[in-house]
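Chemist: mind looking at a prediction? Sequence and model below.
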Amino acid sequence: YDAKVGRWTAKDPTLFDGKDTNLYGYVLNDPVNFIDPLGLKYLDCVADCIRENRFDLLATLGTLATALGGVRLPKTEKEKRKAVTGIKKKVSDKTTRFSRLGMKITKKWGTKNPYARYASKGVRGIGRGILPLLAFEGFYDIGTIGRCLFVCDNC
């Protein structure tokens, strides 16, 4: 720290990649209480917080789909990235799959079988319910990101 200048003399190692013009401002302008040689700890805190607290609808739907009989949902990170590309088409595709599964149940066991009727309606209802769940997941995750930014800013 240079008392004459009133600034810390250790520059942020990421320079302007930190999206801040104050190259001495990493570790929240307090290198006495915070040690972050690379200036990246804040980002790690935010990433870990989001990873631990986000709502993972794909995992929930994957469990549900497996229990209902093999509707294929993405499992790997690559498949998940593909799943969110063109989300409208993908959501439509997933709801259509649930709807088709409901029709297969009706076709296999007939319309007179009460169990088949309820199972078919239930599976179709799940298909229709996916879109609001995706909207909920988005809003929940936005809230999680905001919370994590606040929590990590105060640690």
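Modeler: On my side now, so go ahead.
Chemist: find the helix or strand that the closest residue to Cys152 other than its chain neighbours is a member of.
Modeler: Distances taken as Cβ to Cβ, 6 or more residues apart in numbering place Cys45 nearest to Cys152, at 3.9 Å, with adjacent residues excluded. For the C-beta atoms, the positions are set from N, CA and C on the backbone; glycine is no exception. Following DSSP states H and E, one finds Cys45 within helix 41-53.
Chemist: quick check: which element contains Glu137?
Modeler: Element membership for Glu137, per DSSP H and E: helix 114-153.
Chemist: any idea of the mean pLDDT for that helix?
Modeler: For helix 114-153, mean pLDDT rounds to 76.
Chemist: same check on stretch 4-15?
Modeler: Average pLDDT, stretch 4-15: 63.
Chemist: and what of stretch 43-59?
Modeler: Mean pLDDT, stretch 43-59: 79.
Chemist: export only the CA atoms of it, formatted as PDB.
Modeler: Written as PDB, here are the backbone C-alpha positions of stretch 43-59 (Å, rounded to 0.1, in the frame of the first residue of the first chain):
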ATOM      1  CA  LEU A  43     -15.800 -15.700  -9.500                       C
ATOM      2  CA  ASP A  44     -15.100 -19.100  -7.900                       C
ATOM      3  CA  CYS A  45     -17.400 -18.200  -5.000                       C
ATOM      4  CA  VAL A  46     -20.200 -17.100  -7.300                       C
ATOM      5  CA  ALA A  47     -19.800 -20.200  -9.600                       C
ATOM      6  CA  ASP A  48     -19.800 -22.600  -6.600                       C
ATOM      7  CA  CYS A  49     -22.800 -20.900  -5.000                       C
ATOM      8  CA  ILE A  50     -24.800 -21.100  -8.200                       C
ATOM      9  CA  ARG A  51     -23.800 -24.800  -8.800                       C
ATOM     10  CA  GLU A  52     -24.900 -25.700  -5.300                       C
ATOM     11  CA  ASN A  53     -28.200 -23.800  -5.200                       C
ATOM     12  CA  ARG A  54     -29.600 -23.900  -8.700                       C
ATOM     13  CA  PHE A  55     -32.800 -25.700  -9.600                       C
ATOM     14  CA  ASP A  56     -31.900 -28.600 -12.000                       C
ATOM     15  CA  LEU A  57     -35.100 -29.300 -13.800                       C
ATOM     16  CA  LEU A  58     -33.400 -31.700 -16.300                       C
ATOM     17  CA  ALA A  59     -32.200 -34.000 -13.400                       C
END
